[in-house]
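[1] fold the following, please.
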Amino acid sequence: MWNRRLVAAELHGKRLNEIYRRLIREYTGDGLVTLWTYATALSALIEELSADELAECQEIADIWNRETPPKEIQQKCVTLVYDHLENDS
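    Predicted coordinates:
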């Protein structure tokens with residue numbers, strides 16, 4: 001199920017990656033830095049987006065939920081799931 005956060009991560013991946021890398025550099029705590037930092041980076045990206053950008057992300061999420069996302073997005077999702085399954089075995 002697509003939502004505006006997931007779509008924002010896809011459409012604004014470069015910005016998200018920049019925020020994520022900055023937060024990794026700044027992180028000083030112990031524990032699951034990668035998980036915490038990605039969630040925090042995605043929240044920061046959502047806060048940075050304009051109302052129009054957020055509306056576009058929601059509109060695309062609605063479309064992708066009714067239809068299918070573009071092939072490159074589908075391929076990326078399949079690759080991520082496959083890599084995750086391979087690493088867990």
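[2] count the neighbours of residue 55 for me.
    With neighbours defined by other C-beta atoms under 10 Å, the count for residue 55 comes to 12. Just so you know, the C-beta spots here come from the backbone N, C-alpha and C atoms, and that holds for glycine as well.
[3] which stretches of the protein have low pLDDT?
    In the predicted model, the chain carries pLDDT under 70 at residues 28-35, 78-89.
[4] the helices in it, which residues?
    For the chain, the helices identified by DSSP state H occupy 4-11, 13-26, 33-48, 51-66, 71-88, in order along the chain.
[5] tell me which of the ones you listed sits most buried.
    Counting by mean count of other C-beta atoms under 10 Å, helix 4-11 has the highest mean neighbour count of the helices of the chain, with a mean of 19.
[6] convert the C-alpha atoms of it to PDB, please.
    Below are the C-alpha coordinates for helix 4-11, written out as PDB (Å, rounded to 0.1, in the frame of the first residue of the first chain):
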ATOM      1  CA  ARG A   4       2.700   9.900   0.600                       C
ATOM      2  CA  ARG A   5       5.800   9.000   2.700                       C
ATOM      3  CA  LEU A   6       6.700   6.100   0.600                       C
ATOM      4  CA  VAL A   7       6.100   8.000  -2.600                       C
ATOM      5  CA  ALA A   8       8.200  11.000  -1.200                       C
ATOM      6  CA  ALA A   9      11.100   8.600  -0.500                       C
ATOM      7  CA  GLU A  10      10.900   7.400  -4.200                       C
ATOM      8  CA  LEU A  11      10.400  10.800  -5.800                       C
END
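[7] any idea how far that helix is from the chain center?
    With C-alpha atoms, centre = their mean, to the nearest Å as the basis, helix 4-11 stands 5 Å off its chain's centre.
[8] show me what it is packed up against.
    In this structure, helix 4-11 packs against helix 33-48, helix 51-66, with contacts taken as 3 or more C-beta pairs under 8 Å, 6 or more residues apart in numbering; DSSP states H and E.
[9] tabulate these (TSV), appending distance to residue 10.
    Listed next are the helices and strands packed on helix 4-11 as TSV, based on distance: least, C-beta to C-beta, whole Å:
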stretch	distance to residue 10
helix 33-48	11
helix 51-66	8
